[in-house]
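Participant: pasting the sequence and the predicted coordinates here, then a few questions.
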Amino acid sequence: MDATTGETVRLDAADERQHMRRERRRERRNNSIAGGVFLLGLGMLMLTGWWWPGIMLVIGLAAAAELMRRGQTSAAMTTFLGFAALPVAIALLSAIHVPWLPVGAFVLIALGLVSLARTA
């Protein structure tokens, strides 16, 4: 092996390490999008005091932001609308004085079944 080939190998290895460092930075930055949206939402909930069902909107927004980042616009909209439907349903149920305990339990069971069905 001559000096030129050894130098080329070292430069290729250095380029590969630099490329891997860039990829790790990019991945950390991309992962912080959902976390940033979540933290902003939590801050808004602290200011307004609207913890339930506001937390559902915050979770939906964070999940939708991550899906949008991946280019899955349709899935992002579906996810957000699914999470946004809960506060609307809760507001409607309390406006018409439906007892929360059986309805809430049914909603949570239905959501769990849908989640399990999507994984099958």
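Facilitator: Alright, I've got the coordinates.
Participant: and Val58, what does it touch?
Facilitator: Val58 makes contact with 37-38, 41-42, 44-45, according to C-beta atoms under 8 Å, 6 or more residues apart in numbering. Using the backbone N, CA and C atoms, a C-beta is placed for each residue, glycine as well.
Participant: so of those residues, which ones are in helices?
Facilitator: 37-38, 41-42, 44-45 (DSSP state H).
Participant: looking at the residues you listed, which is nearest Gly71?
Facilitator: Val37 (16.7 Å; C-beta to C-beta).
Participant: enumerate every residue touching Met68.
Facilitator: Here Met68 is in contact with Ala76 (criterion: C-beta under 8 Å, 6+ apart).
Participant: so which helix or strand takes in it?
Facilitator: Assessed by DSSP states H and E, Met68 sits inside helix 54-69.
Participant: ok so, going back, filter the contacts of Val58 down to the buried ones.
Facilitator: Neighbour counting by 16 or more other C-beta atoms under 10 Å classes 37-38, 41, 45 among the contacts of Val58 as buried.
Participant: mind putting those residues in a markdown table, distance to Gly104 and pLDDT included?
Facilitator: Formatted as a markdown table, the buried ones among the contacts of Val58 follow (distance: C-beta to C-beta, whole Å; pLDDT from 0 to 100):
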| residue | distance to Gly104 | pLDDT |
| --- | --- | --- |
| Val37 | 26 | 92 |
| Phe38 | 24 | 92 |
| Gly41 | 22 | 93 |
| Leu45 | 20 | 93 |
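Participant: among those residues, which one sits closest to Phe83?
Facilitator: For those, the nearest to Phe83 is Gly41 (11.1 Å; C-beta to C-beta).
Participant: any idea how far the closest one is from Leu111?
Facilitator: 20 Å (C-beta to C-beta, to the nearest Å).
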